[in-house]
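Here is a sequence together with a model predicted from it:
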Amino acid sequence: MKLEFESLRRWPDVEAENLQAFDAADRLLLDLAAEAGWPAEPGRVAILNDHYGALTLGALTAGVRSVRVHQDALSGARAIEANAQRLLPELAGEYRHLPPGAGLLENASLVLMQLPRSLDALEEMLAFVAEHASADVTVMATGRIKHMGLGMNEVMGRYFETVTASLARQKSRVLTAAGGRPAGQRPAPRFPLHGSFPVGLEKPLELRAYAETFGGAKLDPGTRFLLEHLDLPDTAGRAVDLGCGNGTIAGFIALKYPLLTVYASDQSASAVASTAATAAANGVADRVAPVQDDALASLPDASEELVVLNPPFHMGNTVHAGIALKLIADAGRVLAPGGELWCVWNSHLGYRSQLEKLVGPTRQVARNPKFTITVSTRA
């Protein structure tokens, strides 16, 4: 059995001609894993950060069984499921999605991963592997060379005795780590990351972030600009923080408006955990409800008074407006007539016409050389 990579889809993530569901790094990693020899015993392979299923389905077609998988993005996890049901329905029961921890990694002797964007995310993944996987575990991590650096080798070397790099193929490479270091020789756990920032409230806003959360425990400059001008109606009972990230907006709203509750949504499991940690650090955990969701799919039409959004302008390593437009459209769907979408966006992206189209009449609240803040009212 052979996986036809070209048949993989990104759905329900954004799909476009310049966005693929696999890359040459996936192919290289699977080829090198086959050359090294797949574990014969079921349940010995774990896969981390598989974007849309190329690694998971590739392992299944190679004969690997009882594969354990963790994908931070909900859209990616659902894409793996959709691809498995469509392309390999007879093997769809041979893998499981699990959160990081013992269930995902216990007794794993081979861990495959797509290298994450940040060194912090790589370190967090390796810390889980080192703590929970088999003592003889081998980690094989792949990426596009343009996104790799020597810092990745250094991070892997903190947890493993040997780290080797494969020959390059189609601008991709695989790092292989083996010989796990004992607990006393590994770095001490340091996640979630901590940050503290004055934002015009009585006390600084405390931020917490697990490593796969975009931006870490920092105050994003666009979000900082938004907080300076955010003026929500006193009559509102709830606000939605769409794409909550590290919980900056949710935490700020809960502190500034003590009568408001906040529904905080993100497709990243790491972001949801970070928002929960930020809310707890600021003493507002009882009024912030973090939820992992595909945009606002769990909310009914015309059900909300307020949505606040700082939309991303990238998907993985690709700059693409598709995800921002998806979020704006879903905000428009859940807003009740007269409801408001507060949005901050990079001015050069020119989202105003789309806000008018997808939500309703839009006014500019503030603008600086880089960012624009708008309020769109649902007609």
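Done, it's in.

Next, count neighbours for residue 269.
Number of residues near residue 269 (other C-beta atoms under 10 Å) recorded here: 20. Quick note: C-beta positions are derived from backbone N, CA and C, even for glycine.

That one contacts residue 293, doesn't it?
No - assessed by C-beta atoms under 8 Å, residue 269 is found out of contact with residue 293, at 11.0 Å.

for the closest residue to residue 335 other than its chain neighbours, what are its contacts?
Spatial nearest neighbour of residue 335, chain neighbours left out: residue 378 (3.9 Å); criterion: C-beta to C-beta, 6 or more residues apart in numbering. Counting by C-beta atoms under 8 Å, 6 or more residues apart in numbering, residue 378 makes contact with 302, 332, 335-341, 359-360.

In terms of pLDDT, where does residue 378 sit?
For residue 378, the pLDDT comes out at 97.

Repeat that for residue 17.
At residue 17, pLDDT is 81.

how near is it to residue 10?
Noted for residue 17: a distance of 12 Å to residue 10, by C-beta to C-beta, to the nearest Å.

So for these two, which sits in the more crowded spot?
Neighbours were counted for residue 17 and for residue 10 using other C-beta under 10 Å; residue 10 has more, 21 against 5.

Three-state assignment for that one, please.
Three-state assignment for residue 10 (DSSP: H, G, I helix; E, B strand; the rest coil): coil.

same thing with the one 4 residues further on?
Remark: residue 14 carries the secondary structure label coil [criterion: three-state DSSP].

ok so, going back, restricted to strands, list the contacts of residue 378.
Those of those mapping onto strands are 335-341, per DSSP state E.

can you tell me which of the residues you listed lies nearest to residue 171?
residue 341 (40.1 Å; C-beta to C-beta).

From residue 295, how far out is that closest one?
Taken as C-beta to C-beta, the span from residue 341 to residue 295 is 13 Å.

okay, those two: which has more neighbours?
residue 341 (27 against 23).

residues contacting that one?
Residues counted as contacts of residue 341 (C-beta under 8 Å, 6+ apart) are 307-309, 328, 331-332, 335, 355, 359, 375-376, 378.

Quick check: it vs residue 355, distance?
Distance of residue 341 to residue 355, given as C-beta to C-beta: 7 Å.

For the stretch 251-379 of the chain, which segments are assigned as helices?
269-281, 322-334, 352-358 (DSSP state H, counting those that start in this stretch).

tell me the most buried of these?
Burial of the helices of the stretch 251-379 of the chain is given as mean neighbour count (mean count of other C-beta atoms under 10 Å); helix 269-281 ranks first at a mean of 25.

Quick one: mean pLDDT for it?
On average, helix 269-281 scores 97.

how about residue 32, secondary structure?
Residue 32 ends up helix, using three-state DSSP.

so how many other residues sit close to it?
17.

Confirm for me that it is in contact with residue 173.
No - applying C-beta under 8 Å, one finds residue 32 not in contact with residue 173, separated by 10.0 Å.

which residues are common contacts for the two?
residue 166.

Residue 112 reaches residue 45, doesn't it?
Yes - at 7.0 Å, residue 112 counts as touching residue 45 under the criterion of C-beta under 8 Å.

what about those two, which has more around it?
The neighbour comparison of residue 112 against residue 45 (other C-beta under 10 Å) goes to residue 112, with 29 against 26.

partner strands of the helix or strand harbouring that one, parallel or antiparallel?
Residue 112 belongs to strand 110-114 when assigned by DSSP states H and E. Next to strand 110-114 in the sheet, as set by DSSP bridges, lie strand 45-48 (parallel), strand 138-144 (parallel).

I'd like the next helix or strand past it.
Strand 110-114 is succeeded, C-terminally, by helix 119-132 (DSSP H and E).

residues in contact with the most centrally placed residue in the chain?
Nearest residue to the geometric centre of the chain (C-alpha atoms, centre = their mean): residue 268, 3.8 Å. By C-beta under 8 Å, 6+ apart, the residues touching residue 268 are 72-74, 212-214, 245, 292.

if we can go back for a sec, select only the buried ones of the contacts of residue 378 in PyMOL?
Listed next is the PyMOL selection for buried residues among those, using 16 or more other C-beta atoms under 10 Å:
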select buried, resi 332+335+339+340+341+359+360
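
Now render the contacts of residue 378 as a markdown table, adding distance to residue 273 and pLDDT.
Listed next are these as a markdown table, based on distance: C-beta to C-beta, whole Å; pLDDT from 0 to 100:
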| residue | distance to residue 273 | pLDDT |
| --- | --- | --- |
| 302 | 30 | 98 |
| 332 | 28 | 98 |
| 335 | 27 | 98 |
| 336 | 30 | 97 |
| 337 | 34 | 97 |
| 338 | 34 | 96 |
| 339 | 28 | 97 |
| 340 | 28 | 97 |
| 341 | 26 | 98 |
| 359 | 29 | 98 |
| 360 | 33 | 98 |
